[in-house]
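In: Sequence first, then the predicted structure:
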Amino acid sequence: MAVKFWLRCGLIVCGVLLAGTAQADFPSVPKETYEALKLDRSVEPKVLYEALVKRYLDPAQGAGKGPLGKYWEPIPFSKYLDPLSFYKPPKTVKDIATRKECVKCHTDESPGWVTAWKKSTHANLDKIRKLTPKDDIYYKKAKLEAIEKNLRSMGRLGANEPLKEVGCIDCHYDINTKKKADHRVDLRMGTANVCGTCHLQEFAERESERDTITWPKNEWPKGRPSHALDYMANNSVEVYAGMPQREIADGCTMCHVSQNKCDGCHIRHEFTAAESRKSETCFSCHNGADHNNAEAYSLSKHGAEYQTHKHKWNWNVQMKDARAIGGQTIPTCQSCHMEYQGKFSHNVVRKVRWANYPFVPGVRENIATDWADKRLDAWVKTCTQCHSESFARAYLEFMDNGTKHGLDKYDEAHAVVEKMFKAGLLTGQKTNRPAPPPGITDGFEQFFQIFWSKGNNPAAIELKLFEMAEDHLVQLHVGLAHQHPGGYTYTFGWGPMNRAYVEIMDETTKLEEAMAVQGRLAKLEVRTASLFDLDSTGAKLSLGGLGGGMLLTGTIALAAWRRRERNDR
């Protein structure tokens, strides 16, 4: 009896311990990530976090200056774009401060930061604990409890200790520390791994993009294109590394920093979730010549309706409740791209098929594979939140075929200009084509040519061809994808592609005609030279014939007439 009693007590204790053990089993994090990290879903948050950070900080996995790092050096602003690589605390500020002193000082020094922070959830955790089911943001109460479990697993919170606040010192020195922070030594920028300490689920979701975007024949490197590796994609580009105009090069970096930081979407220091759920959050990066998603969406029927009705919607509710509770009637960037099989997460690439750039070799062929069909089905599920399945499939087919028409047009122009390049016929190709800076590989129709030029490198027709692909073809696809007819038919896309095609063909024909004339002139010069070379056999035969005699007689008569005319003067 005594043995059974103690055995029963032991089982109860074990059960309590197991019940209190936090697990990092986040359903929103795909199995591919756990497999890539060689982890079971039952691991504690600390184990998942450490595995994610180990990979995140690994230069071989995309951290740091990249494979072309020897060709470029950071400029002062680089420390804010890649803090892990380049940020160093300022030596001019000598304060050693507590968390309260941080807030007090920055209220004077940078009041905008403090004002935003005071409005944030970070500064008002006690209010979150007092929420009731009637509150729109009641879900944040469970989120806070999950964060506290994460921190306890990592040894940053005591067993029954609540997280009182997240202030300056937590993000910029150490989370939940009781120590003072030395400005000259301890200060750090809030990089993604710092945010991930508390927001482990969201960090893991974002990092899972590395694992879920894989290409059948390595048309793109694994994990790209994605937010998780966007900085690696940036500094691995030859022209980025080779350009001496670093401020211009870092114009790309200004957007390619989601890998490094979270404040591209969650604007500091309020970090409001409601703001990050609006399409405008995406617009500042996803716009422009080679990815005009903002323009295409804004000018579509979806975008027009969004602008009309967005003020009526409740942005505080979770995205899964945006329609039923929040009143959202029109898709946003987030409601389409953050959704996968009815669930929402920070992984936005699980449905990628065209990857925005149709001209990438092999991407077109993927569209007719099982790989793409599974992703197509996922898009159909997204679209059928508002449309019928037949409509969704018809339009997605419409988009694919329209994109292929653009590819056909580009391919034809490409073949023509490439033929000219191989023949050495581009303007200045053999006389005035300087080599690009070190680190950049020269060649035909290269990405570097839209940012770097010298002499006739690139030739105008070559650059026009590249813009046809990088800009106009992309705009055609993006316009189709976002249902903006003018964005793929007339104003952008097909219209400019057609104009570029006409200009390319026009220049090609002019060159061919000029070459034909040069060829005929060259032959005529050879014949004329032979005619007056009296030592040549051909000339002797010509002069010996009737025509030669007539030409010789005419030449002698013409010479005599000119002498007589001069004498008469």
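Out: Good, I have the coordinates.
In: Which neighbouring elements make contact with whichever helix in the chain runs longest?
Out: Longest among the helix segments of the chain by residue count, using DSSP state H, is helix 494-532. Using 3 or more C-beta pairs under 8 Å, 6 or more residues apart in numbering; DSSP states H and E as the contact criterion, the elements in contact with helix 494-532 are helix 389-422, helix 460-467, helix 474-481, helix 537-544. All C-beta atoms are positioned from the backbone trio N, CA, C, and that covers glycine.
In: between those helices, which one is nearest to residue 515?
Out: Across the helices and strands packed on helix 494-532, residue 515 has its closest neighbour in helix 389-422 (10.5 Å, C-beta to C-beta).
In: List the buried residues in that closest one.
Out: Residues of helix 389-422 classed as buried under the neighbour-count rule (16 or more other C-beta atoms under 10 Å) are 392-393, 395-396, 399-400, 402-403, 406-407, 409-410, 413-414, 416-417, 420-421.
In: ok, now stretch 166-178?
Out: Those would be 166-176, for stretch 166-178 by 16+ other C-beta under 10 Å.
In: same question, stretch 49-66
Out: 49, 51-53, 55-56, 62-66.
In: Put together JSON lines for those residues, with secondary structure on each row.
Out: Output for the buried residues of stretch 49-66, formatted as JSON lines (DSSP: H, G, I helix; E, B strand; the rest coil):
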{"residue": "49", "secondary structure": "helix"}
{"residue": "51", "secondary structure": "helix"}
{"residue": "52", "secondary structure": "helix"}
{"residue": "53", "secondary structure": "helix"}
{"residue": "55", "secondary structure": "helix"}
{"residue": "56", "secondary structure": "helix"}
{"residue": "62", "secondary structure": "coil"}
{"residue": "63", "secondary structure": "coil"}
{"residue": "64", "secondary structure": "coil"}
{"residue": "65", "secondary structure": "coil"}
{"residue": "66", "secondary structure": "coil"}
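In: export the residues you listed to a markdown table and tack on distance to residue 369 and pLDDT?
Out: A markdown table is the format used below for these (distance: C-beta to C-beta, whole Å; pLDDT from 0 to 100):
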| residue | distance to residue 369 | pLDDT |
| --- | --- | --- |
| 49 | 36 | 98 |
| 51 | 32 | 98 |
| 52 | 31 | 98 |
| 53 | 35 | 98 |
| 55 | 29 | 98 |
| 56 | 31 | 98 |
| 62 | 27 | 96 |
| 63 | 32 | 97 |
| 64 | 34 | 97 |
| 65 | 36 | 96 |
| 66 | 31 | 96 |
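In: And residue 339, its phi and psi?
Out: phi -90, psi 140 (degrees, to the nearest 10).
In: tell me which residues form a beta bridge with it?
Out: residue 344 (DSSP bridges).
In: ok, it - how many residues close by?
Out: Neighbourhood size, residue 339 [other C-beta atoms under 10 Å]: 22.
In: That one and residue 386: what is the separation?
Out: 12 Å (C-beta to C-beta, to the nearest Å).
In: now do residue 27
Out: 25 Å.
In: what about these two, which has more around it?
Out: Between residue 27 and residue 386, counted using other C-beta under 10 Å, residue 386 has the larger neighbour count: 14 against 9.
In: wait, doesn't that one sit right on residue 331?
Out: Yes: using C-beta atoms under 8 Å as the test, residue 386 is close enough to residue 331 to be in contact (6.9 Å).
In: Rounded mean pLDDT for stretch 73-90, please.
Out: The predicted model assigns stretch 73-90 a mean pLDDT of 96.
In: Do me a favour and get the end-to-end distance for that stretch?
Out: 20 Å (C-alpha to C-alpha, to the nearest Å).
In: what does stretch 195-204 give?
Out: Across stretch 195-204, first to last residue, C-alpha to C-alpha, it's 11 Å.
In: and that stretch, how far out from the chain's middle?
Out: Using C-alpha atoms, centre = their mean, to the nearest Å, the mean C-alpha position of stretch 195-204 is found 22 Å from that of the whole chain.
In: follow-up on the earlier one: show me what counts as buried in the longest helix of the chain.
Out: 494-497, 500-501, 503-504, 507-508, 531.
In: again with stretch 302-315
Out: 302-303, 306, 310, 313, 315.
In: Show me which of those residues is closest to residue 459.
Out: So of the buried residues of stretch 302-315, ranked by how close each gets to residue 459 (C-beta to C-beta), first place is residue 303, at 38.0 Å.
In: That closest one contacts residue 297, doesn't it?
Out: Yes: using C-beta under 8 Å, residue 303 is in contact with residue 297, at 4.6 Å.
In: what residues are shared contacts of those two?
Out: Counting by C-beta atoms under 8 Å, 6 or more residues apart in numbering, the shared contacts of residue 303 and residue 297 are 279, 482, 484.
In: from these, which is closest to residue 130?
Out: residue 279 (32.0 Å).
In: Neighbours of the closest one, how many?
Out: Count around residue 279 with other C-beta under 10 Å applied: 23.
In: How about residue 431?
Out: 8.
In: same deal with residue 128?
Out: 18.
In: Just the strands from the chain, written as ranges.
Out: Using DSSP state E, the strands of the chain run over 96-97, 181-182, 339-340, 343-344.
In: Pairing partners for the second one, with directions?
Out: Under the criterion DSSP bridges, strand 181-182 sits next to strand 96-97 (antiparallel) in its sheet.
In: quick one: contacts of the strand it pairs with?
Out: Counting by C-beta under 8 Å, 6+ apart, 105, 169, 180-183 sit against strand 96-97.
In: likewise stretch 115-128?
Out: By C-beta under 8 Å, 6+ apart, stretch 115-128 touches 103, 137, 140-141, 144, 162-168, 268-272.
In: Understood, closing this out.
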